[in-house]
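Trainee: Sequence first, predicted coordinates after that:
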Amino acid sequence: MANVTYIPAKKQIGSTAKPQEIKKLRVAAYARVSTDREEQLTSYEAQISYYTEYIAKKPEWECAGIFADEGISATSTKNRTQFNLMIEACMDGKIDMIITKSISRFARNTVDCLNYIRMLKSKNIPVFFEKENINTMDSRGEVMLTIMASLAQQESESLSRNTQMGVQYRFQQGKVIVNTESFLGYDKDEEGNLIINPEQAEVVMRIFREYLEGASYKKIAAGLERDGILTGRGNARWHDGAVRKILMNEKYMGDALLQKTVTVDFLKKLRVINTGIAPQYYVEDDHEAIIPKEIFMKVQEEMLRRRSGEKRASGKRRGYSANHAFSQIVYCAECGEQFRRIHWNNRGKKSVVWRCINRLEKSGVNCRARTVHEEILQEAVMQAVNILLSEKSDYLKILEESAALISVHPETEESDETELLLNTLQGKLVAHVGNRKEYIKIAEEILRLREIRQETMKDTRIKEEQLQKIQELQSFIHRHSGKMECFDAELSKKLIQKIEVCDDHLEILFRSGVMITVQA
């Protein structure tokens, strides 16, 4: 057993430290207001003034700084610049103690709050919360802190839910909430309603027009950058995704889908795409449209066509290209695959040709389709157009007969009844929000009726589109009397839907449905 010698303390009279050796406690204060309203900013300034005087009145303290954040939410410390600077100063040994008004001012996230307190305790730095009268260095400090921080988190969660309920109520009333500062094409009037910005609307119309003319997202973006047109956020750089989002945004046809995203973690401010997590609300004809509904729907169908594509024999999906007049429209009569444009070097002679993909790739399909020079395709299109123009009376008669077979009735008694029933059910849905069973039943019926309406509208659009293509070709034939002397790539894109390559001829299918066979 070790030998222990007891050495008694000597009786001290007065302090052994010299007055100049007494070290003052370096105290910092943290203040924060949660909003940027004027009355809160007054509170913010008052807190700074209060803590400056409070520390100055303590002779054993010296001010190590007043750290204050304004107009920033406290559910996360990530964006609180002053708070983070204060913690950094503590870790660097520049602060001995922190005082603050309350736990809710320090942090409303229990995990963050406790982590920072423990980090500071490891450096022997206490935090004093005035309202709760808690010093984190006390024995009961952490127990009380855990309880109080949990209550603060619940308060924040409650506020977040109340805010969400307010937004939800506005959605149910069809109130469209849009930040027009980054929304190309619209501004807001004094009452908060969307109004068209004429200059930006021209850009939106250009994007929709070029896409329907066959341009890709990338090509449209490059053209906008080239012409010095800014995005909705005022950026000179255009990304493919920005163009795609504009083409998909129903607000450009005057409607609005509300609650596209939903908050799933109020602490991390994490929002995700609403794929059925929460209800959505579709408001029709909410504001003036930039793009007519029929044009918008054509774009959606074209996007689906390009995105899905047909599968090749190899199982891979065909990509989409909009670089050339014949992209995506030249097909092989033997195997049904598309032709691809390639640069050919045959015995030192360079040329541009089109060849079946199954001949270019190891797809497992034995295709012997011929290779076609691009000039042959161009001449074939010119020849087909000239046949139309030279035999215009015959083809105009065919087009008239085709148009007569297409009956378009966008407004029917049945569709009116469906619309009336949908409106009635929408009102019932809002009234039964608290009754889950009835709510689901009504919601399912609304979805069923909407699908019926969508199918009816789709059939009508298909007929309208076909009729429009017929009318466009009729107009073209009426306008042109002479021959087509040289190949026009843009005209070809507008008129030709498909070219099928056979052994000794090409079949040219016009978008109107007219087909002409050309020997080539």
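Mentor: In hand now; what should we look at?
Trainee: Walk me through the domains of the protein.
Mentor: Domain assignment of the chain by automatic domain parsing yields the ranges 20-157, 185-306, 330-360+371-519.
Trainee: so can I have JSON lines of these showing mean pLDDT, distance to residue 179 and mean neighbour count?
Mentor: Any C-beta I mention is one placed from the backbone N, CA and C, and that applies to glycine too. Below are the domains of the chain laid out as JSON lines (pLDDT from 0 to 100; distance: least, C-beta to C-beta, whole Å; neighbours: other C-beta atoms under 10 Å):
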{"stretch": "domain 20-157", "mean pLDDT": "78", "distance to residue 179": "16", "mean neighbour count": "17"}
{"stretch": "domain 185-306", "mean pLDDT": "84", "distance to residue 179": "9", "mean neighbour count": "16"}
{"stretch": "domain 330-360+371-519", "mean pLDDT": "85", "distance to residue 179": "25", "mean neighbour count": "15"}
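Trainee: Reformat the ones you listed as JSON lines; add distance to residue 324.
Mentor: Formatted as JSON lines, those follow (distance: least, C-beta to C-beta, whole Å):
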{"stretch": "domain 20-157", "distance to residue 324": "49"}
{"stretch": "domain 185-306", "distance to residue 324": "10"}
{"stretch": "domain 330-360+371-519", "distance to residue 324": "6"}
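Trainee: Report the secondary structure state of the residue nearest to the spatial centre of the chain.
Mentor: Here the mean C-alpha position of the chain is nearest to the C-alpha of residue 245 (C-alpha atoms, centre = their mean), at a distance of 6.1 Å. Here residue 245 is recorded as helix under DSSP: H, G, I helix; E, B strand; the rest coil.
Trainee: my read: residue 116 touches residue 98, true?
Mentor: No. Applying C-beta atoms under 8 Å, one finds residue 116 not in contact with residue 98, separated by 9.7 Å.
Trainee: So residue 351 is in contact with residue 371, correct?
Mentor: No. The pair residue 351 / residue 371 is not scored as a contact, 9.9 Å apart, by C-beta under 8 Å.
Trainee: Find residues that contact each of the two.
Mentor: Common contacts of residue 351 and residue 371 (C-beta atoms under 8 Å, 6 or more residues apart in numbering): residue 344.
Trainee: any idea how far residue 189 is from residue 354?
Mentor: To residue 189, residue 354 is 54 Å away according to C-beta to C-beta, to the nearest Å.
Trainee: which strands and helices sit next to the top helix by length along the chain?
Mentor: What stands out as the longest helix in the chain, according to DSSP state H, is helix 436-479. Packing contacts for helix 436-479, counted by 3 or more C-beta pairs under 8 Å, 6 or more residues apart in numbering; DSSP states H and E, involve helix 293-308, helix 374-390, helix 392-405, helix 413-431, helix 489-495.
Trainee: does residue 211 count as helix, strand or coil?
Mentor: Three-state call for residue 211 (three-state DSSP): helix.
Trainee: show me the contacts for it.
Mentor: Contacts of residue 211 were listed using C-beta under 8 Å, 6+ apart, and they are 217, 220, 243, 247, 299, 302.
Trainee: roughly how far apart are it and residue 55?
Mentor: For residue 211, the distance to residue 55 - C-beta to C-beta - is 63 Å.
Trainee: Okay, angle between the longest helix of the chain and helix 374-390 too, please.
Mentor: For helix 436-479 against helix 374-390, the angle by axes from the mean of the first three to the mean of the last three C-alpha atoms, to 10 degrees is 80 degrees.
Trainee: Would you mind getting the angle between helix 436-479 and helix 293-308?
Mentor: Interaxial angle, helix 436-479 versus helix 293-308 (the same axes, to 10 degrees): 100 degrees.
Trainee: Quick one: distance of helix 436-479 to the chain centre.
Mentor: Computed by C-alpha atoms, centre = their mean, to the nearest Å, the chain-centroid distance of helix 436-479 equals 25 Å.
Trainee: now swap in stretch 193-201 and tell me
Mentor: Distance, centroid of stretch 193-201 to centroid of chain: 20 Å (C-alpha atoms, centre = their mean).
Trainee: gap between the two ends of it?
Mentor: Terminal residues of stretch 193-201 are spaced 16 Å apart (C-alpha to C-alpha, to the nearest Å).
Trainee: Check stretch 231-250 too.
Mentor: From its first residue to its last, stretch 231-250 covers 18 Å (C-alpha to C-alpha).
Trainee: Quick one: residues in contact with it.
Mentor: Here stretch 231-250 makes contact (C-beta under 8 Å, 6+ apart) with 181-185, 200, 204, 207-208, 211, 217-218, 220-222, 224-225, 228-230, 252, 256-257, 296, 299-300, 303.
Trainee: on that earlier part again, can I get the helices and strands packed on helix 436-479 in JSON lines with distance to residue 452?
Mentor: Shown next, in JSON lines, are these (distance: least, C-beta to C-beta, whole Å):
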{"stretch": "helix 293-308", "distance to residue 452": "16"}
{"stretch": "helix 374-390", "distance to residue 452": "40"}
{"stretch": "helix 392-405", "distance to residue 452": "25"}
{"stretch": "helix 413-431", "distance to residue 452": "6"}
{"stretch": "helix 489-495", "distance to residue 452": "34"}
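Trainee: wait, which of those is closest to residue 66?
Mentor: Closest of the helices and strands packed on helix 436-479 to residue 66 is helix 413-431, at 49.5 Å (criterion: C-beta to C-beta).
Trainee: what angle separates the closest one from helix 436-479?
Mentor: Computed by the same axes, to 10 degrees, the angle separating helix 413-431 from helix 436-479 equals 140 degrees.
Trainee: tell me what helix 413-431 is packed against?
Mentor: If you count contacts as 3+ C-beta pairs under 8 Å, 6+ apart, helix 413-431 packs onto helix 436-479.
Trainee: Just want the angle from the helix it packs on to helix 392-405.
Mentor: 160 degrees.
Trainee: circling back to that earlier point, any chance of the contacts of residue 211 in a markdown table with distance to residue 457 as columns?
Mentor: Shown next, in a markdown table, are those (distance: C-beta to C-beta, whole Å):
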| residue | distance to residue 457 |
| --- | --- |
| 217 | 26 |
| 220 | 26 |
| 243 | 25 |
| 247 | 19 |
| 299 | 15 |
| 302 | 16 |
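Trainee: Out of these, the closest to residue 33 would be?
Mentor: Closest approach between the contacts of residue 211 and residue 33, by C-beta to C-beta: residue 243, at 40.8 Å.
Trainee: I'd like to know how far that closest one sits from residue 51.
Mentor: Using C-beta to C-beta, residue 243 is found at 52 Å from residue 51.
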